[in-house]
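Q: sequence and predicted model, in that order:
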Amino acid sequence: MSGINDFAFKMATVNGTGSASANSLLMQAIFRMGIPVTGKNIFPSNIQGLPTFYEIRVSKDGYTARPQQVDLVVALNPSTYAKDVASVTPGGYLLYDSSWPLEPELVREGITILGIPFGKMCVDTFQGDRNRTLLRNIVYAGALAALLKIDMDIVGQLLVEKFSKKKALLDFNNTAIRLGYDYAKTNYTCPLSFHLERMDETSGSIIIDGNAAAALGAVYAGATVGAWYPITPSTSLMEAFGAFCRKFRTDADTGLAKYCIIQAEDELSAAGITIGAGWAGARAFTNTSGPGISLMQEFIGLAYYTEIPAVFYDIQRTGPSTGMPTRTQQADLFSLAYASHGDTKHIVLFPCNPEECFYMSVTAFDLADRFQTPVFVASDLDIGMNDWMCKRLQWDDDHTWNRGKCLSANDLESIKKFSRYLDADGDGIAARSLPGVHGNGAYFVRGSGHDKHAMYTEDSDAYQEVVDRLARKHRLAATVVPAPEIHTTPGADIGIVSLGGCHAAVVEAIDRLRDAGIIADYMRIKAFPFDAPVRAFLDSHAVTFVVEQNRDAQLRAMLAIETGKPRDEMIPVLDYGGMPLTAAVVVNAVTSHRNTSTFAVSS
Amino acid sequence: MTSIAKPAVRHPGLKRNALGFTMRDYEGAMSTLCAGCGHDSVTAALVQACFELALPPHRAAKMSGIGCSSKTTAYFMRQSHGFNSVHGRMPSVTSGASAANRDLTYIGISGDGDSLSIGLGQLCHAIRRNVRMLYVIDNNGVYGLTKGQFSASADIGSTSKKGEANVQPPIDPVLLALTLGATFVARGFSGDKAQLIPILKAGLSHNGLALVDIISPCVTFNDHDGSTKSYKFTREHEVEISAADFVPLRREITVPDTTEAISTITMHDGSVVRFRKTHDSYDPTDRAAAYAHVRACQQRNEVATGLLFLDEGGLDMHAVAKTVPTPLVDLTYKQLCPGNSALQALMEKYR
Ligand SMILES: Cc1ncc(C[n+]2csc(CCOP(=O)(O)OP(=O)(O)O)c2C)c(N)n1
Ligand code: SF4
Ligand SMILES: [Mg+2]
């Protein structure tokens, strides 16, 4: 299957040894050759010494999902040799460091073993342990450049860009690249049968991770207050927000900040800061992952019931409790959609890649203001931390924010009696007033029972009147949140429903299923709550698969709860080991179902 | 639910302050606390302090957590926004509000349960952050609202209504605040309004977090013999180790009519705190000495009161974050959104 511009390879190294820059150098070089490329960093929850992998997939057809197998592995970590060798496709290659004798574990029938003495060459060429360790990575990048035919001019250019201010480092890196490149050229037939040829498929694209894109979206949305507590895999979102703000939000004359980032003492506090800032009228957000979402539950209920806008980014990771912090999952769907005790339900957005993280950030802040409620952006580790190729981001300069119904001093001046929770317009959304604007707008925010005038109540009817309106507001939100993306083909055999980071793999799977004679319609859920088209899609397919990355089929359950579609009429396709989804999981689930049941297949 | 009339507040000919408001304008809804609850006296002192400072009510925000004490934000300044948040989390909500709008006067009201048990971490970190706010702890040694369990401020040996003695050591918010680097630390007694009002006024004018611990007896669950947070015990054991007057900016500072030694500290807005010497060698700007003094009182079974420590030179949250002087809520979308050309330039870095 592999061929020109259509293959995958991976680097198996030890974390803390500096392979990251070599890996991104490779990926960026391929990208600049105009060839669609994706990188998946499979890293441990550890700072130094544990196995780490970087997978690069090259796809002339633009597929970006994780590859199921690789055609070449650079095996530099003896502790993972066995698994690394096993992950190579038959006919593939293994590249190892021949400074040491070939370990028996690395030998496998049907694959070609290439040895290059990376370590020895570094020891002979460079001084100092640190340099030798770091540059070994650049040497393998050079070898790969020869084997895979990566354009050396581009590699050279990238090094210049990276080390333009550090001449000594530039020289070292250039030497290291050449060491690997020349050795491979001299000792092996270069390039390999699968390799790269220039294309022109990436000129309108960028390579970015979802956390940076989401942070950029928050800047463009006009967010000014960010509160957080460090947690993988969400940390880089606030770090990026800080970096973008320093760039775009520093007052040119005074050097002062037009934003305020608070690293809180914990996630409870981060949620409190976000809600306090939202109440005071700023666009505010917090970013976290599952454990933080658990801690924030009480505050989320407060914001829901008192109707305070706030944006929560949940960069989901694997598992209950601490779980596997550096692995991906979509297992917080319930705990976001129905977060907090009592009757609560929320708006949740499901970006499928970094590009959508950017645009959906902007949408999230508008929705939070418009519906005066917490809005969740449910990203995940794969989207948030991996480098994705996606469309270059664009901005419409005519766009302005939608602050919802927010009364000005003038509005309040003429008001006789302000009732914070009065449904004056009949759409379930009451106008709010901000502190400091006008005395007539003063009211008392309370998480305790309140009536439509925001007064304390223990009266059943007065209580219900408010929560019933909240339910109406939520129903209205269903019609306003991003609609599902639906692709249908007349005469399709099955329907596939999925969300978020599964998208890339599902799209690829649908193509492969078509090749196998199965036509699948596809609905990608982009937001919760669901509106009528969701139910309609479910009803229009006799066989529907719901693809998601959690054990308990949470999306399927939510579809059943919210649309009334019987749960058992939807077939779950679940992948929850913590790795980014591969198309094979979906293809296998559908085809094995076909083999054991009887859905009609066209053609 | 118990509902009582507010403690009588005198309105001498409906005196008006610089804004033309009367004291009534600084009142709020009718209190629903138990008759005689110390918290109502704190509320009354706050009403008077804000009135005398001529604080524009709509520019103040009243922040609280959960508890009888936290309810009191409803009982003053009805023209101010109030935020009764969740138990123990008022400090974070206030931090966020202040981040968004630095120009409002934040009045935080909490209890000893709210701030020293469930919310201890939030209190500590708001102090470290030095959020510009008045932070009142209505300290009664019990959880009033959940009916009288010991709180973290209950002293060893202090007895409950049923007679059992508390055995766990107390957390003293004053000592805690001093060790955490708080820039304004005071203790008052709800039964001593004359002492309390200048402290509250100074706290409202402080450029940072002003922590005011107020012994505020719970008449229903902790005002019996054997309690160390009762009216009687506090009256008998209170020692004012630092007496402060507060002279607002707009009033002319006259030479004090006294022979006492006076020292003054000028607040960032130009108002002045004058300290009368009640104790030999007490220096309210010396953190270590303040700590030692309070500790010594504690060991003698005395309750040290007064404006105990003041450092007007500390950096508040916004100074540390180097935010613009304009409140962030007042920045327009144009000022905040970098636009497409900036985006396209940035995109080149992702290629
Ligand atoms: C998360 C949570 N746990 C428990 C409670 C119940 N609760 C309400 S008030 C309170 C104690 C209040 O004590 P304190 O802050 O000292 O206020 P006081 O009533 O004494 O003024 C407790 C435990 C709550 N509201 N929320
Ligand atoms: S229970 Fe105690 S603290 Fe609560 S209102 Fe009554 S006296 Fe005050
Ligand atoms: Mg108490």
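A: In hand now; what should we look at? Numbering: from 1, shown residues only, chains lettered A, B, ... in the order given. Ligands and ions are numbered 1, 2, ... in the order given.

Q: just for the stretch 501-603 of chain A, where's the confidence low?
A: Counting by pLDDT under 70, the stretch 501-603 of chain A has low-confidence residues at A:597-603.

Q: ranges for the helices of it?
A: A:503-515, A:532-539, A:554-563, A:583-596 (DSSP state H, counting those that start in this stretch).

Q: contacting residues for the residue lying closest to residue A:385 once chain neighbours are set aside?
A: Leaving aside its sequence neighbours, residue A:385 sits nearest to residue A:233 (C-beta to C-beta, 6 or more residues apart in numbering or on different chains; 4.9 Å). (Each C-beta comes from the backbone N, C-alpha and C, glycine too.) Neighbouring residues of residue A:233 by C-beta atoms under 8 Å, 6 or more residues apart in numbering or on different chains: A:211, A:289, A:315, A:317, A:325, A:326, A:328, A:380, A:381, A:384, A:385.

Q: please redo it, this time with the cut-off set to 6 Å
A: The neighbours of residue A:233, taking C-beta atoms under 6 Å, 6 or more residues apart in numbering or on different chains as the test, are A:315, A:317, A:381, A:384, A:385.

Q: which members of the residues you listed occur in strands, if any?
A: residue A:315 (DSSP state E).

Q: name the nearest of the contacts of residue A:233 relative to residue B:17.
A: Set against residue B:17, the nearest of those by C-beta to C-beta is residue A:315 (51.2 Å).

Q: doesn't residue A:384 make contact with the closest one?
A: Yes. When contacts are counted by C-beta atoms under 6 Å, residue A:315 is listed as touching residue A:384 (4.2 Å).

Q: ranges for the strands of the stretch 201-350 of chain A?
A: A:205-208, A:225-228, A:260-263, A:284-288, A:310-316, A:347-349 (DSSP state E, counting those that start in this stretch).

Q: okay, those strands, which one's buried deepest?
A: Mean neighbours per residue, mean count of other C-beta atoms under 10 Å in any protein chain shown, is largest over these for strand A:284-288, with a mean of 31.

Q: just checking, what packs against that strand?
A: strand A:225-228, helix A:267-280, strand A:310-316 (3 or more C-beta pairs under 6 Å, 6 or more residues apart in numbering or on different chains; DSSP states H and E).

Q: can you pull the buried residues of the lengthiest strand in chain B?
A: Counting by DSSP E, the longest strand found in chain B is strand B:238-247. Residues of strand B:238-247 classed as buried by neighbour count (16 or more other C-beta atoms under 10 Å in any protein chain shown): B:238, B:240, B:241, B:242, B:243, B:244, B:245, B:246, B:247.

Q: any chance of those residues in CSV with pLDDT and distance to residue A:137 as columns?
A: CSV is the format used below for the buried residues of strand B:238-247 (pLDDT from 0 to 100; distance: C-beta to C-beta, whole Å):
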residue, pLDDT, distance to residue A:137
B:238, 94, 69
B:240, 91, 69
B:241, 87, 65
B:242, 85, 64
B:243, 87, 69
B:244, 88, 65
B:245, 89, 69
B:246, 89, 65
B:247, 85, 68
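
Q: one step back: want to throw the helices and strands packed on strand A:284-288 into a markdown table with mean pLDDT and distance to residue B:164?
A: Output for the helices and strands packed on strand A:284-288, formatted as a markdown table (pLDDT from 0 to 100; distance: least, C-beta to C-beta, whole Å):
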| stretch | mean pLDDT | distance to residue B:164 |
| --- | --- | --- |
| strand A:225-228 | 98 | 41 |
| helix A:267-280 | 98 | 32 |
| strand A:310-316 | 98 | 43 |
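
Q: quick one: closest of the ones you listed to ligand 2.
A: helix A:267-280 (23.9 Å; C-beta to the nearest ligand atom).

Q: got the residue ranges for the strands in the stretch 1-150 of chain B?
A: B:60-64, B:81-84, B:105-111, B:133-139, B:142-143, B:149-150.

Q: need the residues that contact the last one.
A: Strand B:149-150 is contacted by residues B:143, B:166 when judged by C-beta under 6 Å, 6+ apart.

Q: coming back round to it: would you mind giving the contacts of residue A:233 as a markdown table with distance to residue A:435 added?
A: Below are these laid out as a markdown table (distance: C-beta to C-beta, whole Å):
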| residue | distance to residue A:435 |
| --- | --- |
| A:315 | 31 |
| A:317 | 36 |
| A:381 | 38 |
| A:384 | 34 |
| A:385 | 38 |
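
Q: out of the contacts of residue A:233, the closest to residue A:352 would be?
A: Nearest member of the contacts of residue A:233 to residue A:352, counting by C-beta to C-beta, is residue A:384, at 12.3 Å.

Q: please name the bridge partners of the residue in the stretch 51-200 of chain A that ligand 1 sits nearest to.
A: Nearest to ligand 1, among the residues of the stretch 51-200 of chain A, is residue A:52, at 40.7 Å (C-beta to the nearest ligand atom). Under the criterion DSSP bridges, residue A:52 forms beta bridges with residue A:13.

Q: in chain A, where is pLDDT below threshold?
A: In chain A (pLDDT under 70), the answer is A:1, A:597-603.

Q: tell me the domain ranges of it?
A: A:6-187, A:208-391, A:406-467, A:485-596 (automatic domain parsing).

Q: out of these, deepest packed?
A: domain A:208-391 (a mean of 24).

Q: just the endpoints, please. Distance across that domain?
A: 10 Å (C-alpha to C-alpha, to the nearest Å).

Q: can you check stretch A:220-231 too?
A: End to end - C-alpha to C-alpha - stretch A:220-231 spans 24 Å.

Q: contact partners of it?
A: Here stretch A:220-231 has contacts from A:238, A:241, A:259-262, A:264, A:266-267, A:270, A:273-274, A:277, A:282-289, A:292, A:361-362, A:365, A:401, B:99-100, B:328, B:333, B:336-337, using C-beta under 6 Å, 6+ apart.
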